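# Give me coordinates for this.
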Amino acid sequence: MSARDRTPKASRQKGAKEPLPLAALLAQLDKASGAKPDEAPEIAAALIEYVTTGKVIAPRVRYNVACYFASLTKRETTPRDAAHAKASEDTNHPEAANARKDRRQEAAKRTLKHLRLALEGVYGDERAAYIEWAQSDPSLAPVREWEPDHKRVRAPDYGKRFEQLLEDFANPDALKPVGVEGLGALTEIAPEGAAKLKKAGITGWRGLLRLDKETADEAGIAEAERERWVALAELLEIVGIGIANTNLLDRAGIQTRAQLADAEPKGLAEQLRRFNDEAELIARPPNRKTLRKWISEARRLERQSRKHASTSPGPPTEE
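Here you go, the predicted model:
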C-alpha cells in the first residue's frame, strides 16, 4: 500500500492534487540514495526537518511524516548504532542497545507530534476520517502497539500516548471548528463583539489569533479588546477546552494561556469547582486529569511561541 493510499479518503477533494507520497519517498531514500548508503537516514531526517519548518503544512503531509517516523521505530540497527558497537563487534553491546532505545523513543515522539499537527489541521468528518484511519493504519502500528520497557521505572508508553491523542481529538467539542458565531458565545466577546470580528473578516478562532491592530481599528475594535480576545483564542487553541470551559477559566481568573501554563492541576481543579458551584456556568467542571493535559499543552504552546518570537526577525533598523 502506497503512502498516497494511506491518506484518509475524506482529505481527497475533487480537483485537488494527489496527496504527497512523502513516507514512500523517504522510505526509498533510506534504501537507496545518491549519496553514500550510510548517510541515507541522515539525509532523510534533514529532508523531514526542511519540510516541516514551514508555518503551514498540509495535514496530509503531516500524516505522511508521522508514518515515516513510525517506520523508524522498527529499524533494528543504523550506522550510528554500529559505531557504538564497533569496539566489541557486538550489536547487543549496552551502548548500541541504549542508542537504539533513544532513537526509537525519539522517532515515536516525532510520530505523535506530526500526527497531532495533522489532526489540528482538519475538522468535522475529515478529522473523524483521519482518526479512524490512524486507528488501523499499518504504518502507524509500531507506535500504536508500542511495548514499553518494563525493566525501566516509568518507561514511556507511547502506545497509551497514541491512544490518548486520538481520544482527545475525537472529543465532540474538538471535532467542531469554533466559527465567528461561536466566538460570540464567549462572555467577553458576546454577539456584539462577534459582529465586529465578522466585519474584520475573522471566521473563527484561528483568524482571531492573527488579528492585527490595523485590521482591528478598521472594524472598530479597541486595542484592549483585541488583546483580550486574542488571549481567549489562545486558550481555544488547546484541544478539548471549547467555549464553555474557556468562559469558566476566564471568569475564574485564568484569562491567558500563560496563566494556564503556570497553574497547578490540583489547585485549579478545586478553584474551578468552587467557582462553578456559585456561578453554575457549566454542568461539570474539568477534573484534575483533564486540567493536567490542558496545562501541559499550554506549556508546550508557550514554549513554541517564545521560540518563534526569538527566531523571528525584528523590525528594520535605520543605518
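# I'd assumed A263 was in contact with R299.
No. The pair R299 and A263 does not pass the contact test of CB atoms under 8 Å, sitting 10.0 Å apart. Any C-beta I mention is one placed from the backbone N, CA and C, and that applies to glycine too.
# For the top helix by length along the chain, name the packing helices and strands.
In the chain, taking DSSP state H as the definition, the longest helix is helix 94-120. On a contact count with 3 or more CB pairs under 8 Å, 6 or more residues apart in numbering; DSSP states H and E, helix 94-120 meets helix 59-72, helix 79-85, helix 124-134, helix 141-144, helix 158-170.
# change it to 10 Å
helix 40-51, helix 59-72, helix 79-85, helix 124-134, helix 141-144, helix 158-170, helix 172-175, helix 288-311 (3 or more CB pairs under 10 Å, 6 or more residues apart in numbering; DSSP states H and E).
# what's the burial count for R127?
Look at R127: counted by other CB atoms under 10 Å, it has 24 neighbours.
# Could you tell me how far it is located from F162?
16 Å (CB to CB, to the nearest Å).
# and the longest helix of the chain, which residues are buried?
Buried residues in helix 94-120, defined by neighbour count with 16 or more other CB atoms under 10 Å: 96, 99-100, 103-105, 107-108, 110-120.
# who's in contact with F162?
Counting by CB atoms under 10 Å, 6 or more residues apart in numbering, F162 makes contact with 70, 108, 111-112, 115, 134-135, 140, 143-146.
# Same check on A194?
179-186, 202, 229.
# wait, what's in contact with Y158?
Contacts of Y158 (CB under 10 Å, 6+ apart): 70, 73, 104-105, 107-109, 111-112, 142-148, 165.
# Where does the prediction get shaky in the stretch 151-300 of the chain?
151-154, 171-178 (pLDDT under 70).
# At which residues are the strands of it located?
Using DSSP state E, counting those that start in this stretch, the stretch 151-300 of the chain contains no strands.
# pLDDT value on D102, please?
Listed pLDDT for D102 reads 79.
# about what we covered before: and the helices and strands packed on helix 94-120 as a markdown table, adding distance to R274?
Formatted as a markdown table, these follow (distance: least, CB to CB, whole Å):
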| stretch | distance to R274 |
| --- | --- |
| helix 40-51 | 47 |
| helix 59-72 | 40 |
| helix 79-85 | 54 |
| helix 124-134 | 35 |
| helix 141-144 | 40 |
| helix 158-170 | 26 |
| helix 172-175 | 23 |
| helix 288-311 | 14 |
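# Out of the ones you listed, which is closest to P191?
helix 172-175 (20.4 Å; CB to CB).
# quick check: domain ranges of the protein?
Domains of the chain are assigned by automatic domain parsing as 3-174, 176-311.
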